[in-house]
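1. Sequence and predicted model, in that order:
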Amino acid sequence: MKEQFYKYIENLQDSITSKLEEIDGKAKFKQDIWKRAEGGGGRTRVIENGAVFEKGGVNISAVHGPLAPAMQKYFKVGEVDFFACGLSLVLHPKNPMVPTVHANWRYFEMYDKDGTTIDQWFGGGQDLTPYYLFEEDAAHFHQVCKTACDKSNPEFYPQYKKKCDEYFWNSHRDEARGIGGLFFDYCKASAEMSIEDWYGFVTRVGDSFLEAYVPIVEKRRELPYSEAQRNWQEIRRGRYVEFNLVHDKGTLFGLKTNGRIESILMSLPPHVQWVYDHQPKPGSEEEKLVEVLMEPREWVE
């Protein structure tokens, strides 16, 4: 399974970066091939200062070796070995009318010292972080997510949409990071879903990413915006950074397993503001967004 999934994310990285370069029309992805001393490595691709994308990364990795003590404690296991591979992407557009997007699809195995597999699972998801709320964009993104889920189980979308709302919650701000999408983890073989079934589900979600995001970018990329709206984008980006550095399990896993720092922190936007006690004006479009972030909404039936 691990070879099959790694080949899938290699191909998915190629298709996503090719399409994003086509959309941007100016910038190209810079590629870094890196090795991890303990075992494995990855292929990082970063785009910067484009016509559409101010910064973004579409990274794949496959790492293995002894599980670090901090992660042994987290998973409540002894001295075991692990293998983890996945694709992680974050895109920060220049125009504040275009939302930031994040996605991740991953596979994990653990082995005892004899090399016997003792656990394996899939995880991942995709979620949208707008700076200005276009309800039809939110509905489109969620509908594509639902369609991908429904092919495996009609219960998956409401279940994983709820998990996404709960996971991407800035508890210290009492608000969501964005308008959600899907989040799933520890998807293990069972009587209802084999590990091959989970592979089918996760790859369908991965294949849906461009359909979910690209039409939104193309619709909003040419909209005019003011300096004040750009400032609002940078203030909201600050909340994005706060979540990634304080709460995100993927970031913490990478840091605790001696991951490549540049790849882990590529999710951070280049221009951010923290303004003391900033509050949107009553009745403004900015306040409309914050109201939705404080009370997650259902976007599709």
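-> Received, thanks.

2. so residue 38 makes contact with residue 65?
-> Yes. Residue 38 is within contact range of residue 65, at 3.9 Å (criterion: Cβ atoms under 8 Å). C-beta here means a position set from N, CA and C on the backbone, and glycine is covered the same way.

3. Run through the residues that contact residue 275.
-> Neighbouring residues of residue 275 by Cβ atoms under 8 Å, 6 or more residues apart in numbering: residue 235.

4. quick one: residue 145 from residue 15, how far?
-> Summarising the geometry, the distance separating residue 145 from residue 15, computed by Cβ to Cβ, to the nearest Å, is 18 Å.

5. got it, and residue 242?
-> Residue 242 sits 32 Å away from residue 15, taking Cβ to Cβ as the criterion.

6. how many neighbours does residue 295 have?
-> 9 (other Cβ atoms under 10 Å).

7. and the most far-flung residue of the chain relative to its centre, what pLDDT?
-> Residue farthest from the centre of the chain, counting by Cα atoms, centre = their mean, is residue 114 at 34.0 Å. Residue 114 is assigned a predicted lDDT (pLDDT) of 85.

8. For it, list the residues it contacts.
-> When the contact criterion is Cβ under 8 Å, 6+ apart, residue 114 has no partners at all.

9. State whether it is indeed within a helix.
-> No. Following the definition DSSP: H, G, I helix; E, B strand; the rest coil, residue 114 is coil and is not counted among the residues of a helix.

10. low pLDDT regions in the stretch 151-300 of the chain?
-> Under the criterion of pLDDT under 70, the regions of the stretch 151-300 of the chain flagged as low confidence span 257-258.

11. Find the residue closest to residue 58 in space, skipping its chain neighbours.
-> With sequence-adjacent residues excluded and distances taken as Cβ to Cβ, 6 or more residues apart in numbering, residue 58 is closest to residue 89, at 4.4 Å.

12. Does anything pack onto the host helix or strand of the one you found? Which helices or strands?
-> Element membership of residue 89, judged by DSSP states H and E, is strand 81-93. For strand 81-93, the elements it packs on are helix 2-24, strand 53-66, strand 100-111, judged by 3 or more Cβ pairs under 8 Å, 6 or more residues apart in numbering; DSSP states H and E.

13. Kindly indicate whether the nearest residue in space to residue 78 that is not next to it in sequence is helix, strand or coil.
-> Distances taken as Cβ to Cβ, 6+ apart place residue 72 nearest to residue 78, at 6.6 Å, with adjacent residues excluded. Here residue 72 is helix, with the state taken from three-state DSSP.

14. I'd like to know how many residues surround residue 72.
-> For residue 72, which is what you asked about, the neighbour count (other Cβ under 10 Å) is 16.

15. again, but for residue 214
-> 15.

16. So it sits against residue 19, correct?
-> Yes. Distance between residue 214 and residue 19: 6.6 Å, which falls inside the contact criterion (Cβ under 8 Å).

17. what are the ranges of the helices in the protein?
-> 2-24, 69-75, 135-150, 156-167, 195-207, 209-220, 227-246, 249-256, 261-264, 285-294 (DSSP state H).

18. In contact with residue 161, which residues?
-> Counting by Cβ under 8 Å, 6+ apart, residue 161 makes contact with 142, 145, 146, 180, 181, 182.
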